[in-house]
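Asks: my questions are about this predicted structure, shown below with the sequence.
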Amino acid sequence: MDDVPDSGTGLALHQDFVLLALNPETGQFRGNFQSYACAGAVVMELAMHGRIAAEGKKVMVAGTAAFGDPIVDRMLEQMNSAKRPKSLRNWVSTLGRRSKLTHEIAQTLETRGIVRSERKRFLGIIPYTTYPLVDPGIRERLVTDLRHAALEADIPPVRLSTLAAFGESTGILRHFFNRQERSLVKKRLKKWKKDDVYARAVGETIAGVQAAVASAVAVSAAAASTSGGS
């Protein structure tokens with residue numbers, strides 16, 4: 001699948017997603033569980049370039065040639081060295097647990113001169129990093145292409161339809177479409193997801209994580225209530 005066109009930015013899919021996740025005004029990330037979408041984007045990148053292939057419900061490594069991106073190559077090596085094959089959803093979940101993944105990808109954008117990193121402190125105590133845009137034109141073109149693909153294209157480019165699906169799963173889609181447009185996009189995404197196993201795996205994984213978090217919060221709240229009432 002090396003002939004799959006890019007989104008027009010010349011960036012890898014995971015870089016495109018991180019670019020969309022950045023708030024253009026503050027340089028901070030928006031949305032939730034971005035690392036799982038990033039992992040899904042890397043896995044899809046590997047599939048599109050023939051490094052992995054699905055055999056039934058399992059993902060198999062089909063080629064170990066270096067991709068040329070240290071993040072992608074690290075994940076390919078992790079998949080290749082696994083003791084047993086895993087499902088697509090399992091890999092997205094496993095690879096997405098790396099909490100610093102989104103920042104690592106943002107740093108590759110800094111290397112390319114698209115963003116710059118700035119270290120700050122919340123309340124003068126808690127350190128955090130933002131990534132203000134150096135070249136906002138690339139992101140603006142990506143957003144324009146995303147909107148066109150999601151709202152107008154009969155058969156959108158696979159990269160852009162996947163970015164839209166990842167955006168819906170992580171909650172960043174609302175920053176690019178108004179309420180009426182989002183309703184239309186969500187209807188179209190249901191159809192696209194039937195053919196996009198990568199977008200579906202990310203959505204299922206994030207939904208599973210959200211459910212687990214909600215359950216943990218409920219259990220903690222119940223425990224605190226019981227303790228407080230005794």
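Replies: Done, it's in. Just so we're clear, the structure is a prediction, and the values are computed from it rather than from any experiment.
Asks: which of the helices and strands in this structure ranks last by mean pLDDT?
Replies: When the helices and strands of the chain are compared on mean pLDDT, DSSP states H and E, helix 197-229 comes out lowest with a mean of 65.
Asks: from residue 22, how far off is the one residue sitting closest to the centre of the chain?
Replies: Closest residue to the average C-alpha location of the chain: residue 37 at 2.3 Å, with CA atoms, centre = their mean. As judged by CB to CB, to the nearest Å, residue 37 and residue 22 stand 13 Å apart. In this view, the C-beta of every residue, glycine as well, is placed from N, C-alpha and C.
Asks: can I assume residue 127 sits in a strand?
Replies: Yes: according to DSSP: H, G, I helix; E, B strand; the rest coil, residue 127 belongs to a strand.
Asks: give me the spatial nearest neighbour of it, chain neighbours excluded.
Replies: Nearest residue to residue 127 in three dimensions, chain neighbours excluded: residue 121, at 5.4 Å (CB to CB, 6 or more residues apart in numbering).
Asks: how many neighbours does the one you found have?
Replies: Counted with other CB atoms under 10 Å, the neighbours of residue 121 add up to 9.
Asks: so it makes contact with residue 129?
Replies: No: between residue 121 and residue 129 there is no contact under CB atoms under 8 Å: 10.6 Å.
Asks: so what's residue 64 closest to, chain neighbours aside?
Replies: Of all residues not flanking residue 64 in the chain, residue 80 sits nearest, at 5.7 Å (CB to CB, 6+ apart).
Asks: quick check: the one you found touching residue 61?
Replies: Yes: Residue 80 is within contact range of residue 61, at 4.6 Å (criterion: CB under 8 Å).
Asks: more neighbours: the two, which one.
Replies: residue 61 (16 against 13).
Asks: now the more buried one: how far from residue 12?
Replies: Taking CB to CB as the measure, residue 61 falls 19 Å from residue 12.
Asks: nice, that's everything, thank you.
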